[in-house]
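> Sequence and predicted structure, then a few things I'm wondering about:
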Amino acid sequence: MSERLTDLLTHYQDGDLVAAADVVEEATAVAESPDSNATARDAANEIAERFRAIARMQAACPAPEEIEQWVRALAAETDDGGPVEPDNGTLSFLGRAVGHLSAIVDMLKRYRDGDLALATEILAETQLLATDPNTPQDALPIIRGIRDTFFDHVRAAAGEPTAVGRPDSEPSSDEPPAGDHEVVIDDLDVVTSFIQESADHLDDIEHRVLKLENEQTDDLVNSIFRSMHTIKGVASFVGFSYVSETSHELEALLDEVRNGHQQITDEVITVLLDGTDVLSRIVASIERQVAGGGSGAPPVVTEESFDHLQIVQRVQALRLSDPEESSSAAEAAPPKADPVGAGPASGPALDLPAPEEEAAAAIASSDPVTPEMIDAFIEESTDLLDGVEQELLRAESEPIDPETVGRIFRAVHTVKGNAGFFWFTRVEQQCMALEEELDGYRTRGASIDHDAAGRFLDMVDMVRGSIRAVAGAAGAVVTESPEVVDRTGGSGDGDRLPEGDALGKILVQMGEISEESLERALSRQQRRLGEILVSEEDVKPDSVEKALAEQAKRRTTTGTASEYAVSRKDIRVDTVKLDKLFDLVGELITAESMLLGGIESAENGGATLTKAASYLQKITREMQEITLSVRMIPLEATFGKMRRLVRDLARRFEKDVNIEISGEQTEMDKNVIEEVSDPLVHIIRNAIDHGIEPAADREAAGKPRAGTIRLSAKHEGNEIWITIADDGRGLDRDRILAKAVERGLAGDQDGELTDDQIYRFIFEPAFSTAGSVSEISGRGVGMDVVRQNTEKLRGKIDLSSEPGQGTTFILRIPLTLAILDGVTFEIGDTQFSVPTTDLVTFQSYSKDSITGTGSGHHGFRLRDEVIPIIQYEHRDEIPDHGVIIVLQSANRTAALVVDRIVGYRQFVVRAMPAYIGKMRAVSGCSIQGDGSISFILDVAQLIAEEIEYVGAR
Amino acid sequence: MSGKVLCIDDSPTIRKLVHKALDPQGYEVQEAENGKEALGLADTSVDLFLVDVHMPEMDGFEFVESIKQRPELAGKPVVFLTTESSEEKKQRGKQLGVNGWIVKPFEPEALTKVIAMLTPAT
């Protein structure tokens, strides 16, 4: 029982308090155990005392000699008297063990998959050692691991339940199957510690292998070897045979490298990295099953293969050959892992047998982790990563200084630490990778340049993807997005769930599979969708490949970093604003008592009452302002996303584009900002796709090679103006006009259209239908979305373009949706209001400014223009006098006949009460000071309806 | 068991977890977001400092340097909570007079075991 204590003592590292506490605990147990003899007890007491003192810094760390002494004393526990002298029994065991072990090692070296006779022999040898009571504890896990692995092989080959025959796609090999493999979990703690430990090692391995490319030192190779060795040992101990098989092969390869039998070629590095990747996936999948579910211990976890045999084969191909021939042998080896996993080239990936069963895992956790904590984690991490991304994007213009690097590092570090607590191994690993690289810069005091920042951004994206997966699993609110952009690969790995959906949908759309097949496959989402569909013979491999290509294409058109966004319901408020609000409530209470007091003394002339009322008015105004400002947030975050978008799109379209941002501190209502984001994305995407020319063309035109997009925001009266300007080729007036005429949009007046009117056709829905659009060298894609969103915000779009010079959009958005400045008027007995942003002018009219058009509708002469007259109630006759209000929306102007103007005021927009029923072109209502209702007209809709109405008559 | 632990970590999640581990054991846990804030809270009523290494404003090293200069606090045990595996960092902590470290992520039991070992038994 003192073995663990001995182990702890020999591995103790000064300062490791957990180890120290373990030593104290173990030593106390030994000291109190009735099995211990006097020597061991005394030693144990001394050890416990000493380590308690060490932890409290009252004693020095023991010297190696002291530890040796203790270990000897503890060993006396079983052998009452002095140091252990090996007896004959021990010696003979050692002799036998050496024989067995060297035999096993020898056989393992000779073993090739499928060699049943040898496997049986290995099984027998390991079984002997595993059951020998003299076998040292340390060696047992490895021996058992080897035994279990070969047991599985033999059983599989013998056609036992785990065995699934492989199709003859690989005639040269008949290795054991790579279906999913169920592992019974005896002890969840062990499994979780396995996950943790191997994840740590895999992460280390990956980094060291990458380093190996530049720096081939023995230390490096040794450390990779040791890590791989540990993974193999632990995995076989727990029973994860795919992990142990794969790590075994990789370890063997590393051993050859270590001994100088194998050169570190690109093939070696690639297979090491791919192997590490496969191991990480298997471990991550186990981790998900262990961490992903409800209550009760998971009796069984499915160990997914992730095509590990392909790695095994590739390593064997490398190992088979002599060092001199290794390069040619490597060429003959199976191709590099297809990240998508369903390409026809990678035969084994497609030939995976259907899984015997769904993963059975009622999951376990005695962890004190609540959903609320996971939510907190997701929010905190999202905030931190947003910050990191913004800092990194600055590198697009200038290198990031070391101080900022420190800030980025700390943020990533925090995410990593937190992820570790929840066993979000994948997030943790990715953060760790990021952190380590950052630490390099930090310790060197180096700056991060453009290229490095790009690499870091990709890594941040991966972390975000993983967090999103966590969020999805935890049921947190995530913006709807059909897929996750996975920069590491494709539909094969961790983020498979949402992606599988998209692939399935595409296949259905292509008519390659039915909904039913998709449903069936989706219900087996433990596996790659492409593989399942192929294995079910619902679809041919090359169709899947086509669909994957389509998926990739769709990603390039829709996939941007912004899709990682987690939608937030909370808002960060400057505490100064909150304090102010609090003060105002205090004043409000004072005003209330003044008012009450004033009513009492009203008979004394009412002076106090008047004073109280004006005081109250002042407070109300201030409260209104501050409450509005609470909802106001800077555009910074949204603009920051555009920086990222430009970077991603520029790479995608292979153009050189800079973005210049100004006015990002401008504040807007939170709800408005959310709506503005989409139009910005569409405009910028079009600018890069169609507006900005390829570098060569630009140069030929005498422009700088790199295009520039300027994004700015500023206050302009009651509006925020967001300007998006590019210096590209400008809109192609003639082609837009031709298209408009073809679509019947321009009518017969094309000769009279101004440039501005022509450009506005790009906002027509017809212009945005895919296919025809990209033919137009101007804009088109999604521009109607831009218009719709902007109109929803009661905003307007100004557009100007200069051939060869570029295009400028100005989105003019009202400051807030909730409170509007507007004009209230009466039509009949009903009061209406329109926001001033929709209002051009109002004036009394006389009959002679009205012209009949003969077909029953009327026009109004406004200066030298005739505009249509709208009658809200469609009266046939225009009253002799009244007031005309000139309204405009989307650059169309119309006149509304009203009976009386009530006045100009601010009004609070409310939803229409249900009992009022549907009214024509009304978007909401507002309660007047006297309690009556005024309806807020939706001017855009009103004008659109009128045009339709007139057209219909 | 009893005692007052000042937990200094910029991550609210970690602080919450420390609470969860130590509250049931009867410890009083006080929180600080960074070294600077913790300096205001550090007094003789604290029995142990649980300190994250990387924090904004004032990191773990700076914080420890400061309290070691205050004679009434210099003798209090300090435990680093760290994900840092670098030997150099650990040694720097030891030199500053930190009792030792707990590597994140840790089991709640490991934390309570260490704290029990370092705080006065009742």
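Sure, I can see it. Numbering: from 1, shown residues only, chains lettered A, B, ... in the order given.
> ends of stretch A:796-807, how far apart?
End-to-end span of stretch A:796-807 (Cα to Cα, to the nearest Å): 16 Å.
> any idea how far it is from the chain center?
Per Cα atoms, centre = their mean, to the nearest Å, the displacement of stretch A:796-807 from the mean C-alpha position of its chain is 35 Å.
> who's in contact with it?
Identification of contacts with stretch A:796-807 by Cβ atoms under 8 Å, 6 or more residues apart in numbering or on different chains yields A:687, A:691, A:701, A:725-733, A:755-756, A:759-760, A:762-763, A:779, A:786-787, A:790, A:808-812, A:837, A:889-890. For glycine as for every other residue, the C-beta is placed from the backbone atoms N, C-alpha and C.
> Now, of the residues you listed, which are buried?
Neighbour-count burial (16 or more other Cβ atoms under 10 Å in any protein chain shown) applied to those gives A:687, A:691, A:725-732, A:759-760, A:762-763, A:779, A:786-787, A:790, A:808-812, A:837, A:889.
> Out of the contacts of stretch A:796-807, list just those in strands.
A:Ala725, A:Asp726, A:Thr808, A:Phe809, A:Ile810, A:Leu811, A:Arg812, A:Ser889 (DSSP state E).
> Give the helix, strand or coil label for the residue nearest to the spatial centre of chain B.
With distances taken as Cα atoms, centre = their mean, the residue of chain B nearest its centroid is B:Leu50 (0.9 Å). Following DSSP: H, G, I helix; E, B strand; the rest coil, B:Leu50 is assigned to strand.
> What's opposite the closest residue to it other than its chain neighbours in the beta bridge?
Using Cβ to Cβ, 6 or more residues apart in numbering or on different chains and skipping residues adjacent in sequence, the residue nearest B:Leu50 is B:Cys7, 4.6 Å away. Residues in a beta bridge with B:Cys7, per DSSP bridges, are B:Glu31, B:Leu50.
> quick one: B:Cys7 from chain A, how far?
According to Cβ to the nearest Cβ, to the nearest Å, B:Cys7 and chain A sit 13 Å apart.
> thinking that residue is in contact with B:Glu33, fair?
No. Counting by Cβ atoms under 8 Å, B:Glu33 is not a contact partner of B:Cys7; they are 10.2 Å apart.
> And the two? Which one has more around it.
Between B:Cys7 and B:Glu33, B:Cys7 has the larger neighbour count (other Cβ atoms under 10 Å in any protein chain shown), namely 24 against 17.
> Which residues are in contact with that one?
B:Cys7 sits next to B:Ile14, B:Arg15, B:Val18, B:His19, B:Val29, B:Gln30, B:Glu31, B:Ala32, B:Leu50 when contact means Cβ under 8 Å, 6+ apart.
> Tell me the one of those nearest A:Asp451?
A:Asp451 has its nearest neighbour among the contacts of B:Cys7 in B:Ile14, at 33.7 Å by Cβ to Cβ.
> Which residue is the nearest non-sequential neighbour of that closest one?
Nearest one to B:Ile14, counting by Cβ to Cβ, 6+ apart, is A:Gly417 at 6.3 Å.
> Then A:His201?
Counting by Cβ to Cβ, 6+ apart, the nearest residue to A:His201 once its immediate chain neighbours are dropped is A:Ser227, at 4.1 Å.
> Repeat that for A:Gly387.
Distance criterion Cβ to Cβ, 6+ apart; nearest residue to A:Gly387, sequence neighbours excluded, is A:Ala411 at 5.7 Å.
> and A:Ser712, that's in a strand?
Yes. Assigned with three-state DSSP, A:Ser712 falls within a strand.
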